[in-house]
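Undergrad: Give me the fold of what follows.
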Amino acid sequence: MSATPAPAPREIRVEIGELVLDGFRADPERVSAAFEDELTRLVRERGVPADGPWTADVLSGLPPLPAGLSARRLGQELARAVHEGLCGRGEAA
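TA: Next comes the predicted model:
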């Protein structure tokens, strides 16, 4: 009896053409790094539906975020919103 090999992990790419953060003073590079780290963690831990591909030109419906958020926290909140959109629970327009 041989075990069935586990399927190879699928590659998921998220391309952000432009991220506009009006009213925030956070370092864009640190926001981007935190965003990437958090989105990677969420996809690994929670996955995304297999019936993609998904496209969204604009994510909307984000909760109001205080302008004083740290770059790390801002990146994490944005990643959570994107993950929710990928899972069909967010709003995409």
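Undergrad: Tell me which stretches of the chain form strands.
TA: With DSSP state E applied, the chain shows strands at 59-60, 91-92, listed in chain order.
Undergrad: Which one of these has the poorest average confidence?
TA: Comparing mean pLDDT across the strands of the chain, the lowest value falls on strand 91-92: a mean of 47.
Undergrad: now this protein, which segments are flagged as low pLDDT?
TA: 1-10, 50-62, 89-93 (pLDDT under 70).
Undergrad: just the CA coordinates of the single longest helix found in the chain, formatted as CSV?
TA: The helix spanning the most residues in the chain, taking DSSP state H as the definition, is helix 28-46. Output for helix 28-46, consisting of C-alpha atoms alone and laid out as CSV, is shown next (Å, rounded to 0.1, in the frame of the first residue of the first chain):
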residue,chain,number,x,y,z
PRO,A,28,5.4,53.1,2.1
GLU,A,29,8.2,50.5,2.0
ARG,A,30,7.4,49.4,5.6
VAL,A,31,3.7,49.3,4.8
SER,A,32,4.4,47.2,1.7
ALA,A,33,6.6,44.8,3.7
ALA,A,34,4.0,44.4,6.5
PHE,A,35,1.3,43.9,3.8
GLU,A,36,3.3,41.1,2.1
ASP,A,37,4.1,39.4,5.4
GLU,A,38,0.5,39.5,6.7
LEU,A,39,-1.1,38.4,3.4
THR,A,40,1.4,35.5,3.1
ARG,A,41,0.6,34.4,6.6
LEU,A,42,-3.2,34.6,6.0
VAL,A,43,-3.0,32.6,2.8
ARG,A,44,-0.8,29.9,4.4
GLU,A,45,-3.0,29.6,7.5
ARG,A,46,-6.4,30.1,6.1
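Undergrad: contacts for it?
TA: Contact partners of helix 28-46, identified using C-beta atoms under 8 Å, 6 or more residues apart in numbering, comprise 12, 14, 16, 19, 21, 24, 71-76, 78-80, 82-83, 86-87. Every C-beta, even on glycine, is put in place using the N, C-alpha and C of the backbone.
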